[in-house]
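Colleague: here is my input; please provide its structure:
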Amino acid sequence: MSAELERGLQTIELLSHAPRGLTFTEIATALDASKGPAHRLMGELTRLGYARLDDFGRYHLTLKLTSHALQYLELIPLVDLARPLLEELAAVSGELARLNLVDGPHLVRVGKAQGRQSGLKYDPLHGGNLPLACTASGLLLLSSFSDDEAAARLQEEGFASPGEYGSAAPRSTEETLSIIHRARSDGYLYLPNIYEEGVAPLAYPIRPAGSRDIVGVLTVSGPGFRFNEQAAQDVLPVMKDVAEKLGRIPVADMLGSHGRPTEIAN
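Modeller: Take a look at the predicted model:
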């Protein structure tokens with residue numbers, strides 16, 4: 001049963017990266033599955049409403065999983081409270097503000113607000129796990145671990161291949177630890193050209209009051225020519241204020257409680 005569940009989740013992940021859908025043969029090949037088990041799997045996912053087959057013989061994800069995910073996000077107090085604060089951060093910076101939450105070993109994008117009303121906007125696809133070694137958010141999260149633990153996480157996840165991410169993405173443990181040490185010292189991380197070439201992200205941690213643990217990371221990102229180091233420094237005080245407000249949520253309620261606070265004390 002566990003193998004079937006794992007294969008079902010792998011199929012959902014495959015389809016989540018295929019907006020045009022996948023044929024049965026493409027799915028079976030990607031899963032390295034024979035036709036019989038693959039047919040049963042797709043039949044079950046279709047019966048349960050998580051997948052659909054179009055008129056051209058291609059499977060697609062339905063919106064059922066998205067609906068469940070959005071419903072769950074609505075019940076997370078930190079996401080709920082972050083919305084107006086993200087909008088404030090986006091308005092002040094004039095760039096894209098995002099909230100990323102720690103979910104076990106992963107860092108996941110869960111909220112965003114766009115501050116650029118006209119001209120060139122940076123607004124990539126939302127959602128999904130963030131690669132730790134190739135994003136400012138991921139490296140900032142790693143800075144809260146010891147060097148040994150961070151190195152172990154890096155070895156487990158691996159590094160980017162040349163050209164896969166931006167030119168600033170580190171290619172070795174030593175290079176990554178150097179960036180982590182800087183983030184640990186500064187308390188934030190501004191690192192252009194790491195996830196995408198030409199894009200400059202500023203990352204700031206969210207910590208529960210009195211704790212050194214990072215439960216989330218705020219980012220502001222924009223084109224590097226516009227969101228330069230001075231612009232990043234200008235927005236830092238607002239990011240710090242937003243992070244401190246979010247950090248005041250009781251730890252027990254921060255990620256999993258169904259009780260939803262309605263305001264944060266100033």
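
Colleague: so which elements touch the biggest helix by length in the chain?
Modeller: In the chain, with assignment by DSSP state H, the single longest helix is helix 229-247. In this structure, helix 229-247 makes packing contacts with helix 77-93, strand 199-206, strand 216-223, judged by 3 or more Cβ pairs under 8 Å, 6 or more residues apart in numbering; DSSP states H and E. To be clear about C-beta, it is placed using only N, CA and C from the backbone, and glycine gets the same treatment.

Colleague: reformat the ones you listed as CSV; add mean pLDDT and mean neighbour count.
Modeller: Compiled in CSV, those are given as follows (pLDDT from 0 to 100; neighbours: other Cβ atoms under 10 Å):
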stretch, mean pLDDT, mean neighbour count
helix 77-93, 86, 19
strand 199-206, 96, 25
strand 216-223, 95, 26
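
Colleague: for those, give me TSV that also has distance to residue 13.
Modeller: Below are the helices and strands packed on helix 229-247 laid out as TSV (distance: least, Cβ to Cβ, whole Å):
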stretch	distance to residue 13
helix 77-93	22
strand 199-206	25
strand 216-223	23
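
Colleague: what's the closest of the ones you listed to residue 130?
Modeller: Among the helices and strands packed on helix 229-247, the nearest to residue 130 by Cβ to Cβ is strand 216-223 (8.6 Å).

Colleague: OK, contacts around the nearest residue to residue 235 once chain neighbours are set aside?
Modeller: Leaving aside its sequence neighbours, residue 235 sits nearest to residue 93 (Cβ to Cβ, 6 or more residues apart in numbering; 4.5 Å). Going by Cβ atoms under 8 Å, 6 or more residues apart in numbering, residue 93 touches 115, 220, 222, 227, 231, 235, 238.

Colleague: if you rank these by neighbours, which is first?
Modeller: With neighbours defined as other Cβ atoms under 10 Å, the most crowded of the contacts of residue 93 is residue 220; it has 30 neighbours.

Colleague: hey, what's it bridged with?
Modeller: residue 97, residue 202 (DSSP bridges).

Colleague: return the residues in contact with it.
Modeller: 89-90, 93, 95-98, 201-202, 227, 232, 235, 239.

Colleague: between those residues, which sits nearest residue 63?
Modeller: Nearest member of the contacts of residue 220 to residue 63, counting by Cβ to Cβ, is residue 98, at 22.4 Å.

Colleague: surely the closest one touches residue 216?
Modeller: No: counting by Cβ atoms under 8 Å, residue 98 does not reach residue 216; the two are 10.3 Å apart.

Colleague: hmm, what's the outermost residue in the chain?
Modeller: For the chain, the residue at maximal distance from the C-alpha centroid (Cα atoms, centre = their mean) is residue 36, at 35.5 Å.

Colleague: check the gap between it and residue 28 for me.
Modeller: Distance, residue 36 to residue 28, by Cβ to Cβ, to the nearest Å: 10 Å.
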